[in-house]
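got a predicted model here, sequence first, then my questions.
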Amino acid sequence: SALPISSPQTMASPIFLVGPTPADHESTAQLEKHLREAGLHESAEETAAREDVLRDLQGIVDRWVKQLTTQREYPDGMAEHATALLLPFGSYRLGVHGRGSDVDALVVGPAYVDRHHDFFDVLGGVLAETEAVTELQLVPGAYVPVIKMRFRGVQVDLLYASVCLPAVPMDLDLRGRSVLCGLDMATVRSLNGVRVADEILRLVPEAGAFRTTLRCVKHWAKARGIYSNAMGFVGGVGWAILVARVCQLYPNAAPSMLVPRFFRIFSQWKWPSPVMLKDIEHDDDGGEMPLGLPVWDPRRNPRATGATSCPSSRRHTPA
Ligand SMILES: Nc1ncnc2c1ncn2[C@@H]1O[C@H](COP(=O)(O)OP(=O)(O)OP(=O)(O)O)[C@@H](O)[C@H]1O
Ligand SMILES: [Mg+2]
């Protein structure tokens, strides 16, 4: 069948609109059964443990911001309402986390809470004193600054971003470009994970088919020993982008159809043509405001190659 053309102009157009036959439904059911039997899904207890970790961490960051606010002697009542949001991202936000997946979470705090002192020194100190926390590692100098730890045994990566607001609204919307205005690059990168996960889910035609197909592809990549960003292979978000592209090309297909098409498409892909889920937006395309942020675009920026992990880390301007 026809191969997708990877030029930006034709990017979003599906190439195959046919939906599943009864046999495809049957194969999909078998595929899902196989994934369950392979132990890829969390048990109910593991899910509950993960939710407990997120809830307890939310409590900790809430108390942390309230305490900082009190110490800074802001007007009465401000400390009471001051809080930080804990937003999970990564495979958990995509809905494809399994046994052993870490918890990636972003802490969003008000403008007056900074990363260096407040997040790393103060919150780092609080975590060091917390009984549930082991293997605490502060990495302020990383490309994306991070606190790594185990919380009751669950691996957690905690990032921090403060938004340009005196208080963080509970319904904070990170989707628009305007949240990026005036932020330093470390903050923009820290916000990126949440924004990318939400954007991927928005761009796939059917989240359920995407999730099952991605679980399957991740399972395959792990079995083959090629699932690792750190080792120079494609990692969690890269596999997600590749699978999302196949879902866009076959919007009505069931997972049992998407899996073989995934392998066919990417074994014949004209690398290093980028795999893109949407058109690149430039500030000068008539965007709301010139953000002055680097845009992932191999045609303009030679450092941006066709690697799939780059679009999400370098493209900071989804609509
Ligand atoms: N190289 C990278 N480029 C861009 N974003 C990245 C990169 N590495 C990590 N991220 C961001 O951090 C998130 C968490 O990374 P992580 O390695 O935990 O992957 P994951 O998608 O959560 O998969 P897993 O189930 O293996 O944990 C990614 O989903 C992505 O948003
Ligand atoms: Mg993860």
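That came in fine, so what should we check first? A quick note: this is a predicted structure, and the numbers were derived from the prediction, not measured. Numbers count the residues shown, from 1 in each chain. Ligands and ions are numbered 1, 2, ... in the order given.

neighbours of Pro255, how many?
27 (other C-beta atoms under 10 Å). Where C-beta positions appear, they are placed from N, C-alpha and C, glycine not excepted.

residue contacts, the nearest residue to it once chain neighbours are set aside?
Distances taken as C-beta to C-beta, 6 or more residues apart in numbering place Thr212 nearest to Pro255, at 4.0 Å, with adjacent residues excluded. By C-beta atoms under 8 Å, 6 or more residues apart in numbering, the residues touching Thr212 are 28, 31-32, 35, 255.

and for Arg300, the neighbour number?
Arg300: 11 neighbours (other C-beta under 10 Å).

where do the helices sit along the chain?
Counting by DSSP state H, one finds helices in the chain at the ranges 22-37, 44-71, 78-81, 90-94, 124-128, 185-203, 207-223, 236-249, 255-268, 309-314.

how near is the closest residue to ligand 2 within the stretch 201-319 of the chain to ligand 1?
Residue nearest to ligand 2 within the stretch 201-319 of the chain (C-beta to the ion): Gly236, separated by 5.5 Å. Going from Gly236 to ligand 1 by C-beta to the nearest ligand atom, to the nearest Å gives 2 Å.

begin at 669 from now on, thanks
Sure thing, new numbering starts at 669, so read that last one as Gly904.

re the thing from before, tell me which of the helices of the chain sits most buried.
Of the helices of the chain, the one with the most neighbours on average (mean count of other C-beta atoms under 10 Å) is helix 904-917, at a mean of 24.

one step back: so which of the contacts of Thr880 are also by ligand 1?
Among the contacts of Thr880, no residue sits close to ligand 1 (C-beta under 6 Å from any ligand atom).

and the two most separated of those residues?
Spatial extent of the contacts of Thr880 (C-beta to C-beta) is set by the pair Thr696 and Leu703 at 10.5 Å.

who in the stretch 819-968 of the chain is up against ligand 1?
Residues of the stretch 819-968 of the chain lying near ligand 1 (C-beta under 6 Å from any ligand atom): 861, 864, 897, 903-905.

give me that answer again for 8 Å
825, 860-862, 864-865, 886, 895, 897, 903-908 (C-beta under 8 Å from any ligand atom).

of these, which is the nearest to His749?
Of all those, His749 sits closest to Val862, with 22.8 Å by C-beta to C-beta.

state the distance from the closest one to Arg843.
9 Å (C-beta to C-beta, to the nearest Å).

where does the stretch 669-818 of the chain get nearest to ligand 1, residue-wise?
Nearest to ligand 1, among the residues of the stretch 669-818 of the chain, is Gly758, at 2.6 Å (C-beta to the nearest ligand atom).

pLDDT score for the closest residue in space to that residue that isn't next to it in sequence?
Leaving aside its sequence neighbours, Gly758 sits nearest to Asp772 (C-beta to C-beta, 6+ apart; 3.3 Å). The per-residue pLDDT reported for Asp772 equals 96.

so who does Asp772 touch?
Counting by C-beta under 8 Å, 6+ apart, Asp772 has contacts 756-761, 824-825, 827, 861.

need those residues in a markdown table with distance to ligand 2 and pLDDT, can you?
Shown next, in a markdown table, are the contacts of Asp772 (distance: C-beta to the ion, whole Å; pLDDT from 0 to 100):
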| residue | distance to ligand 2 | pLDDT |
| --- | --- | --- |
| Pro756 | 9 | 95 |
| Phe757 | 8 | 94 |
| Gly758 | 3 | 93 |
| Ser759 | 5 | 94 |
| Tyr760 | 7 | 93 |
| Arg761 | 9 | 94 |
| Val824 | 10 | 97 |
| Asp825 | 7 | 97 |
| Leu827 | 12 | 98 |
| Gly861 | 9 | 94 |
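
got the residues of the stretch 719-868 of the chain near ligand 2?
Counting by C-beta under 5 Å from the ion, the stretch 719-868 of the chain comes close to ligand 2 at 758-759, 770, 772.

can you rerun that using 8 Å?
Proximity of the stretch 719-868 of the chain to ligand 2, by C-beta under 8 Å from the ion, involves residues 758-760, 765, 769-772, 825.

of these, which pair is most distant in space?
Taking C-beta to C-beta as the measure, these span a maximum distance of 12.7 Å, between His765 and Asp825.
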